[in-house]
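[1] okay, here's the prediction I keep looking at, along with the sequence it came from:
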Amino acid sequence: MKYPEFPDDVTYTPIGEILSSRVKGNVKLRGWIYRTRSSGKLAFVIIRDSTGIIQCTVSKNNVDKSDFVNAGKALVESSVVLDGLVVADERAPGGFEIRATSFNVVHFAEAFPITKDQSDEHLLNNRHLWLRSRNMVSALKIRSTVFKAFRDYWQNLDYTEIQSPSFTTSACEGGSTLFNVHYDDETEKSGQKFYAHLSQSWQLYAEASMFGLENIFTVAPSFRAEKSRTRRHLTEFWHAEVEAAWTHNHQMMEFEEGMIVYIIKKVLEENRSELEQLGRDISVLENIKAPFDKMKYEEVIDKLNSMGFDLAWGDDFGYKEEKALTQNLKSPVYITNFPREKGFYHRPDPSDPKSLVCHDLLAPEGYGEIIGGGERVWSPDELVERIREEGLEPESYGWYLDIRKFGSVPHSGFGLGLDRTVSWICGSDHIKHVIPFPRTMRRTTP
RNA sequence: GCCGCUGUAGCUCAGUUGGUCAGAGCAUCCGGCUGUUAACCGGACGGUCAUCGGUUCGAAUCCGAUCAGCGGCGCCA
């Protein structure tokens, strides 16, 4: 490709500003061809940039001959720079069009592999190109707002953002979902290859970091080798986690409630057009109100059984149960006091030791669990007991047990699935639609 | 880990009981059209029917294995 000269001292108008009537008259546009069709004397070229799409008419009589030829020849996704006059015209999608006075193709695209006939598999194989689509762009803008809102909320509460390693050697969510890594094939320790695995959660590191900073949060990928093939699972997902010293479960739940309301508020402020593009029913988001309902696990069991399920104490809620519970809700709902067969770091309830001081938050409309959190075991002896109870070996948690020996304190925290949250806010039918390059058990490319 | 499904042209698919079954639409290319809304009209290009093996006079079609992928369950965020 021969690179054309591209001036760096020219002001270009974002398409969104034209569509919102903020700009009139002659403009310079740059972007990519979204759709195109031409006749002998008039070409209709729809241009997109990150802010919107607008129709551009290129008439043989109004531009240089070569510009007209190029406008007719350039395929979808060709990059272009053009001059033209903004005209309100009902025949144009969006109500405005550009009557071009010049039309320059910066790069002629090859035939774009994604056309109107699409399948899931093809779009996933071509995700590197599908990221240009209007729905992807909308979802990713909302995602960006959600990430920022999460950070802002906790920073405003004087929490400190910190980072934990992704390579670790200790499991905190059960060993069956660990990704093992050949960390260093050359090095052998005790006669074995030196291995590591990818972090399932920052939990253990958070509890170590908390003793210095007290109130902390992180945004990081977590990795789980779950063989899950559902609309809610990824093997690499973005995990927003919070941990706070001197804090009880019910206090953390109140913070979380405020966080969810804040995130929704920010998306409504900044991403209305993206929500519309995705076909989201915005009133559903506007009706989310705190305080959220709170139910104990045993109450949920009773309620589900009254709805026709057949559950006993200790049973887990599957997707069907969660859906039955949440599909008619307007706001998320908390479930607390789960049975103690959960992570070993959760603290049993002193007044009811068969259950834990913990909570999940389920999103409405059947989206299900987006938060898991609770109070942690803070007594060193009880922690060793709990590790044994889960069939694990305390010896492999050396440093984690060590942090309990020096001024242990009550503390609570939670993990929020950011991708699930975005999926819910977008009203997406699959979590893969809201992350740029989704990772599942069967896909690590592109 | 369990259940189900798919693989035919660049894309989306049709192809009946095994026998003119190598097909369509879209895309691309060529030609036509001054208002199109992923336009329309005419023409051209395009396939080792996922791979390997088997059954058969004959396989896209039946059988087996392999590979790739999709949907769902369980578990989780």
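    That came through, no problem. Since this is a predicted model, take the numbers as computed values, not measurements.
[2] helix, strand, or coil at residue A:360?
    Recorded secondary structure, residue A:360: strand (DSSP: H, G, I helix; E, B strand; the rest coil).
[3] so what's it bridging to?
    Residue A:360 has these beta-bridge partners by DSSP bridges: residue A:335, residue A:372.
[4] just list the residues touching it, thanks.
    The contact partners of residue A:360, taken as Cβ atoms under 8 Å, 6 or more residues apart in numbering, are A:334-335, A:338, A:369, A:371-373. All C-beta atoms are positioned from the backbone trio N, CA, C, and that covers glycine.
[5] tell me how far it lies from residue A:414.
    Taking Cβ to Cβ, to the nearest Å as the measure, residue A:360 falls 9 Å from residue A:414.
[6] what sits in contact with each of the two?
    Shared contacts of residue A:360 and residue A:414, defined by Cβ under 8 Å, 6+ apart, comprise A:371-373.
[7] state the pLDDT value of the closest residue to RNA strand B within chain A.
    Ranked by Cβ to the nearest atom of the strand, the top residue of chain A for proximity to RNA strand B is residue A:318, at 1.9 Å. What the model reports for residue A:318 is a pLDDT of 81.
[8] where do the helices sit along the stretch 151-300 of chain A?
    Counting by DSSP state H, counting those that start in this stretch, residue ranges of the helices within the stretch 151-300 of chain A are A:203-213, A:249-270, A:272-277, A:282-286, A:297-306.
[9] give me the buried positions along the second one.
    Using 16 or more other Cβ atoms under 10 Å as the test for burial, helix A:249-270 gives A:249, A:252-253, A:255-257, A:259-264, A:266-268.
[10] wait, residue A:163 touches residue A:220, no?
    Yes - proximity of residue A:163 to residue A:220 meets the contact threshold set by Cβ atoms under 8 Å, at 6.7 Å.
[11] now the helix or strand encompassing residue A:382: average pLDDT?
    Here residue A:382, judged by DSSP states H and E, is contained in helix A:380-389. Mean per-residue pLDDT for helix A:380-389: 90.
[12] export the helices of the stretch 151-300 of chain A to JSON lines and tack on distance to residue A:419?
    As requested, these are arranged in JSON lines below (distance: least, Cβ to Cβ, whole Å):
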{"stretch": "helix A:203-213", "distance to residue A:419": "19"}
{"stretch": "helix A:249-270", "distance to residue A:419": "13"}
{"stretch": "helix A:272-277", "distance to residue A:419": "16"}
{"stretch": "helix A:282-286", "distance to residue A:419": "17"}
{"stretch": "helix A:297-306", "distance to residue A:419": "25"}
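[13] can you redo those as a markdown table with mean pLDDT and distance to RNA strand B?
    What follows is the helices of the stretch 151-300 of chain A, written out as a markdown table (pLDDT from 0 to 100; distance: least, Cβ to the nearest atom of the strand, whole Å):
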| stretch | mean pLDDT | distance to RNA strand B |
| --- | --- | --- |
| helix A:203-213 | 95 | 9 |
| helix A:249-270 | 97 | 11 |
| helix A:272-277 | 94 | 14 |
| helix A:282-286 | 95 | 19 |
| helix A:297-306 | 90 | 12 |
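[14] low-confidence ranges, the stretch 1-150 of chain A, go.
    Along the stretch 1-150 of chain A, the model assigns pLDDT under 70 to residues A:1-2, A:4.
[15] could I get the full set of helices for it?
    A:15-19, A:65-73, A:120-125, A:127-130, A:134-156.
[16] who's in contact with the residue of chain A most remote from its centre?
    Computed with Cα atoms, centre = their mean, the residue of chain A farthest from its C-alpha average is residue A:61, at 48.5 Å. Applying Cβ under 8 Å, 6+ apart, we find residue A:61 in contact with residue A:41.
[17] try it again at 10 Å.
    A:41-42, A:68 (Cβ atoms under 10 Å, 6 or more residues apart in numbering).
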